[in-house]
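[1] Quick one, fold the following:
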Amino acid sequence: QTIKADAPLDIIPLYVKAGSILLFGPEIQYSTQPTNGTLKVRVYTGADAQFMYYEDEATNYNYEKGDFSFIPFTYNEADGTLTIGSRDGGFEQMAEERTLEILFIDEASKAPFSYDTKPDVLVKYKGEALTVKKK
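    The predicted structure is shown next:
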């Protein structure tokens, strides 16, 4: 598909396929910088989606010994639900609890992308499965 779009210097077009889940963490300057555990979750609706969030210490090879974690994210378009699965694994300095700022984006949401967009839903994730319904 070819899309002809205006792209002035201050705007970069961003196209995301329906059925995508993107996660953003806080801005950091170096890999060992502590974070607050907040993740911004962007769910691009219009189709089912799956995403696996992987995390490790980022400073060593302990992941080779199994020190890492996975969190599965699954969006079901038919019922408008995002399921955040149970965390699998762990490592020494892992954030046990995370704030998830969830934003559901549909085809009509043609607003500019902003890291600071107000989320639709705010949840506390403690490693156990939970489901969030699109409003």
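[2] ok, and the closest non-adjacent residue to residue 41?
    Once flanking residues are discounted, residue 41 sits nearest to residue 102: 4.6 Å by C-beta to C-beta, 6 or more residues apart in numbering. All C-beta spots, glycine's among them, are computed from the backbone N, C-alpha and C.
[3] List the beta-bridge partners for the one you found.
    Beta bridges link residue 102 to residue 41, residue 121, judged by DSSP bridges.
[4] looking at it, it is touching residue 124, isn't it?
    No: when contacts are counted by C-beta atoms under 8 Å, residue 102 is not listed as touching residue 124 (11.8 Å).
[5] Tell me where the protein has strands.
    20-24, 39-44, 49-56, 68-76, 81-84, 88-90, 98-105, 121-125, 130-133 (DSSP state E).
[6] how much space between residue 103 and residue 1?
    25 Å (C-beta to C-beta, to the nearest Å).
[7] separation between the residue nearest the centre of the chain and residue 107?
    Closest to where the C-alpha atoms of the chain average out (C-alpha atoms, centre = their mean) is residue 23, at 2.1 Å. To residue 107, residue 23 is 21 Å away according to C-beta to C-beta.
[8] just residue 73 next, same as before
    Note on residue 73: its distance to residue 107, by C-beta to C-beta, is 20 Å.
[9] neighbour count winner among those two?
    Taking neighbours as other C-beta atoms under 10 Å, residue 73 and residue 107 compare with residue 73 leading, 20 against 9.
[10] what sits against the more buried one?
    Going by C-beta atoms under 8 Å, 6 or more residues apart in numbering, residue 73 touches 21, 23, 41, 49, 50, 51, 52, 53, 82, 83, 84, 85.
[11] give me that answer again for 6 Å
    21, 51, 84 (C-beta atoms under 6 Å, 6 or more residues apart in numbering).
[12] Can you get me a residue count around the last one?
    Neighbourhood size, residue 84 [other C-beta under 10 Å]: 24.
[13] Do I have it right that it meets residue 130?
    Yes: judged on C-beta atoms under 6 Å, residue 84 makes contact with residue 130 at a distance of 5.4 Å.
[14] between residue 102 and residue 124, which one's more packed in?
    Legend: neighbour count by other C-beta under 10 Å for residue 102 and residue 124, higher for residue 102 (20 against 10).
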